[in-house]
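In: dropping a prediction and its sequence here:
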Amino acid sequence: SQQGEEDPQALSIQEGENATMNCSYKTSINNLQWYRQNSGRGLVHLILIRSNEREKHSGRLRVTLDTSKKSSSLLITASRAADTASYFCATDEEYGNKLVFGAGTILRVKS
Amino acid sequence: DTEVTQTPKHLVMGMTNKKSLKCEQHMGHRAMYWYKQKAKKPPELMFVYSYEKLSINESVPSRFSPECPNSSLLNLHLHALQPEDSALYLCASSQTPDRVYEQFFGPGTRLTVL
């Protein structure tokens, strides 16, 4: 089952610009995570934000969580060509022990 | 060692073949996962092992048979697959199955069924 919906589906920007991706989900959650996947490779964990947190930073990444709207955003500042990848949000089901991934956003950073 | 390894990287098999995918982690994680990912789609959970026991089977067809011989190793046995089973198969592990923490993913096995 797919819990998160991501927006936009694809995003193309110039190196140095900021990229913002949004994720919406349907049920109550304990935490929300963001992952990056380079083409045809495994996923890499970027950041985890708990349901009682509103904002979290990690390097050039900023994640916000609005549980009242059941939505999250991932901001990548000062993008680089190496940021070109697919980005997925993933939520845990409140009473489960599994992750459900959103549809993903394909980010292309042009140099 | 924060790595999850998967072998083989690529696998081509006929519909009558039997093959196995292998996954290994040495981080002491007690939860291990198999995901299937089709092109341009998110990973879909197939199986979860908690403390070496199968805890979740997402209604996966019996032609996929998981096995967890020990806490570091996870196998996926394949038999009589269909062409629509062609996909990237990802293995992941996490510290504990009791709560969903960060998952560490392997690079995947690209499976083609002819």
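Out: Looks like it came in fine.
In: name the helix or strand for the residue nearest to the spatial centre of chain B, please.
Out: Nearest to the mean C-alpha position of chain B, counting by CA atoms, centre = their mean, stands B:Trp34 at 3.0 Å. In this structure, B:Trp34 sits in strand B:31-37 according to DSSP states H and E.
In: let me see the mean pLDDT of that strand.
Out: Mean pLDDT, strand B:31-37: 96.
In: beyond the helix or strand bottoming out on mean pLDDT in chain A, next helix or strand please.
Out: Of the helices and strands making up chain A, the lowest-confidence element is strand A:5-7, at a mean of 81, by mean pLDDT, DSSP states H and E. Past strand A:5-7, further along toward the C-terminus, the next helix or strand under DSSP H and E is strand A:10-14.
In: quick one: stretch B:64-80 to chain centroid distance?
Out: 8 Å (CA atoms, centre = their mean, to the nearest Å).
In: can you map out the strands along the chain?
Out: Picking chain A for this. Residue ranges of the strands in chain A, as given by DSSP state E, are A:5-7, A:10-14, A:19-24, A:31-37, A:43-50, A:55-58, A:61-66, A:71-76, A:85-92, A:99-101, A:105-110.
In: the intended chain is chain B.
Out: B:4-7, B:10-13, B:18-25, B:31-37, B:44-50, B:53-57, B:64-70, B:73-79, B:87-94, B:104-105, B:109-113.
In: for A:Ser79, which of those strands is the nearest?
Out: Distances from A:Ser79 to each of the strands of chain B were compared using CB to CB; the shortest belongs to strand B:104-105, at 22.8 Å. The C-beta positions use only the backbone N, C-alpha and C, and glycine is treated the same way.
In: tally of neighbours for residue 102?
Out: Here I'm looking at chain A. Residue crowding around A:Gly102 was assessed by other CB atoms under 10 Å in any protein chain shown; the count is 26.
In: chain B is the one I meant
Out: With neighbours defined by other CB under 10 Å, the count for B:Glu102 comes to 15.
In: that one and chain A: what is the separation?
Out: Plainly put, B:Glu102 is 5 Å away from chain A if you go by CB to the nearest CB, to the nearest Å.
In: for A:Ser24, give me its contacts.
Out: A:4-7, A:69-72 (CB atoms under 8 Å, 6 or more residues apart in numbering or on different chains).
In: greatest separation within those: which pair is it?
Out: The distance between the two most remote of the contacts of A:Ser24 (CB to CB) is 14.7 Å, for A:Glu6 and A:Lys69.
In: picking that back up, which of the contacts of A:Ser24 lies closest to A:Arg80?
Out: The closest of these to A:Arg80 turns out to be A:Glu6 (CB to CB; 21.0 Å).
In: name the nearest residue to that closest one, sequence neighbours excluded.
Out: Counting by CB to CB, 6 or more residues apart in numbering or on different chains, A:Glu6 lies nearest to A:Gly102, which is 4.4 Å off, once chain neighbours are set aside.
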